[in-house]
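Engineer: need coordinates for the below:
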Amino acid sequence: MNDNAYRVRAERGEVQLGTWVTMIRTPAVLTLLKAAGLDFARVDMEHSPFSMETVADMATLARALDFPLVVRPPEGNREWITRLLDAGVWNLHVPQVDTPEQAAGVAACCRYAPLGERGMYGFGPHTMYQTLTPGEHMAAANARVHVTAMLETKRAFERLDEIASVPGIDALTIGPTDLAQDLGVLGTPAQRDTLDRYRGRLVEAARKHGKAVAMLTDSVEGVRQMVALGATIINYSSDAAVLRAGYAAVAAEVRGGARG
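Structural biologist: Numbers count the residues shown, from 1 in each chain. This is a model prediction of the structure:
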């Protein structure tokens, strides 16, 4: 199997740009996103109606294209993590990590012994149906998986340094909307500056403990800001938002011209 390009770039500190996939459920969208020049796609199972079957099909095509697929499960528990990894997903973006104990539990579910407690499942999509010795399979899978922890509450930031120090967590990020809601600044003039302060704190902790930083934004200027801050995994907008904005701009221009 190919190396996990997402993990390789993260370890090198290379900036990579992707997008949320929240609406388009045909796996062929990955072909389009790769052709557009993106480095990865991130599928949202927490807030979108994707099924395991759809994500498994996407993971198969992603591996064939050598175009990394990242998946946010509905919850960072053993059930979801095991199913996604065994379906051939290599990169997890885990929501609502509030404590180092939760982070350690997530990391343990993602890796085989001696690094973790991932359940063993012989051969399948996760091995490309190749039969490997247990040692070969476990070592390769442990080296390939990439795990990002999302900090989305004040409680998480109270234990930021402890979470950042957990082995097996490869990257840190915030969930900006949920964090703003939890801090009581969502939709207020204080939201932007408050989130910037929390982003700065997260970057500092990530640097201290050798973790990559992932951030999301919805503008080109925002991409520049996140890179300057120290993020190397950048998620730009989403399939639904880009489609809506593109069609809205064309519709407004056409209708404006017709009125003129």
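Engineer: quick one: the strands in the stretch 101-250 of the chain, in order.
Structural biologist: 146-151, 171-174, 212-217, 233-238 (DSSP state E, counting those that start in this stretch).
Engineer: Arg199 touches Leu229, doesn't it?
Structural biologist: Yes - judged on CB atoms under 8 Å, Arg199 makes contact with Leu229 at a distance of 6.1 Å. The C-beta positions use only the backbone N, C-alpha and C, and glycine is treated the same way.
Engineer: the two - which one has more neighbours?
Structural biologist: Shown here are Arg199 and Leu229; by other CB atoms under 10 Å, Arg199 has more neighbours (21 against 14).
Engineer: for the more buried one, give me its contacts.
Structural biologist: Arg199 sits next to Ile174, Met215, Leu229 when contact means CB atoms under 8 Å, 6 or more residues apart in numbering.
Engineer: name the SS class of Ala59, please.
Structural biologist: helix (DSSP: H, G, I helix; E, B strand; the rest coil).
Engineer: so how many other residues sit close to it?
Structural biologist: There are 24 residues near Ala59, going by other CB under 10 Å.
Engineer: correct me if wrong: it contacts Gly88.
Structural biologist: Yes - at 4.1 Å, Ala59 counts as touching Gly88 under the criterion of CB under 8 Å.
Engineer: now do the shared contacts for these two.
Structural biologist: Shared contacts of Ala59 and Gly88 (CB under 8 Å, 6+ apart): Pro125.
Engineer: now the longest helix belonging to the chain: buried residues?
Structural biologist: Assignment by DSSP state H gives helix 239-259 as the longest helix of the chain. In terms of neighbour count (16 or more other CB atoms under 10 Å), helix 239-259 has its buried residues at Asp239.
Engineer: got a list of contacts for it?
Structural biologist: Thr19, Trp20, Val21, Thr22, Met23, Ile24, Val29, Asp218.
Engineer: if we can go back for a sec, dump the strands of the stretch 101-250 of the chain to JSON lines, plus mean pLDDT, distance to Pro74 and mean neighbour count.
Structural biologist: Shown next, in JSON lines, are those (pLDDT from 0 to 100; distance: least, CB to CB, whole Å; neighbours: other CB atoms under 10 Å):
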{"stretch": "strand 146-151", "mean pLDDT": "98", "distance to Pro74": "13", "mean neighbour count": "25"}
{"stretch": "strand 171-174", "mean pLDDT": "98", "distance to Pro74": "17", "mean neighbour count": "24"}
{"stretch": "strand 212-217", "mean pLDDT": "98", "distance to Pro74": "18", "mean neighbour count": "23"}
{"stretch": "strand 233-238", "mean pLDDT": "98", "distance to Pro74": "17", "mean neighbour count": "22"}
